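*Asks:* Generate coordinates for the sequence data below:
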Amino acid sequence: MQINLKKSNIEIVQSKIIDRNELIPHLSRWRFQSKKIVFTNGCFDLLHLGHIDYLAKAAEEGDLLIIGLNSDSSTRALKGPNRPINGQEQRAMVLASMQFVNAVVLFDDSTPLELIRQIQPDILIKGGDYKPEEIVGFDIVKAKNGMVKTIEFLPGYSTTSIEEKIRSAK
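*Replies:* Model prediction:
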């Protein structure tokens, strides 16, 4: 009898979506392996070229990229009653399907502060619309001699502009 231990592509993607309560063993393993952990966060509602560019550049800053993903309720509180357009499970699966994303962790808070405290990333990254010292978690990462960086957005891409274009086409 032959046992197939190979995971399907969907199983591989699903395995990258990690519950906050199950994050500690992964973090312990990655730290033991001396992996440099990069963290970023966002709603990532309608994934577009600007997101891909941003996340690919973020991943290049370290060995592992962890994305904190705003839950549906958190996204709604931040973006308004018409958002998210795609639910948290869909958004998580799309993000996890990227080869340079190692983990996607949902959070329900208005900011990822508690998640950053839990992860203790080596590098914290946000978009260029922030000054590093204004980024939530700056003090936590700096206290452990980590780096806080910003990445400039690819001009002309935003979920809001895509949403407006779709709504005006009706």
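
*Asks:* Helices of this protein, start to end?
*Replies:* 9-15, 23-32, 49-59, 72-79, 88-96, 113-119, 138-143, 159-168 (DSSP state H).

*Asks:* who does the second one touch, helix- and strand-wise?
*Replies:* Using 3 or more Cβ pairs under 8 Å, 6 or more residues apart in numbering; DSSP states H and E as the contact definition, the elements that helix 23-32 packs against are strand 37-42, strand 103-107, helix 113-119. Just so you know, the C-beta spots here come from the backbone N, C-alpha and C atoms, and that holds for glycine as well.

*Asks:* pLDDT (mean, whole number) over the second one?
*Replies:* Think strand 103-107. Average pLDDT, strand 103-107: 98.

*Asks:* C-alpha coordinates for it, PDB please?
*Replies:* This file holds the C-alpha atoms of strand 103-107, laid out as PDB (Å, rounded to 0.1, in the frame of the first residue of the first chain):
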ATOM      1  CA  ALA A 103       1.500  33.100   6.700                       C
ATOM      2  CA  VAL A 104      -1.800  35.100   6.800                       C
ATOM      3  CA  VAL A 105      -3.200  35.800  10.200                       C
ATOM      4  CA  LEU A 106      -6.600  37.400  10.600                       C
ATOM      5  CA  PHE A 107      -7.100  40.000  13.300                       C
END
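
*Asks:* which residues sit against that strand?
*Replies:* Here strand 103-107 makes contact (Cβ atoms under 8 Å, 6 or more residues apart in numbering) with 16-20, 23, 26, 41, 64-71, 74, 88, 92, 95-96, 114-115, 119.

*Asks:* Done for today, thanks.
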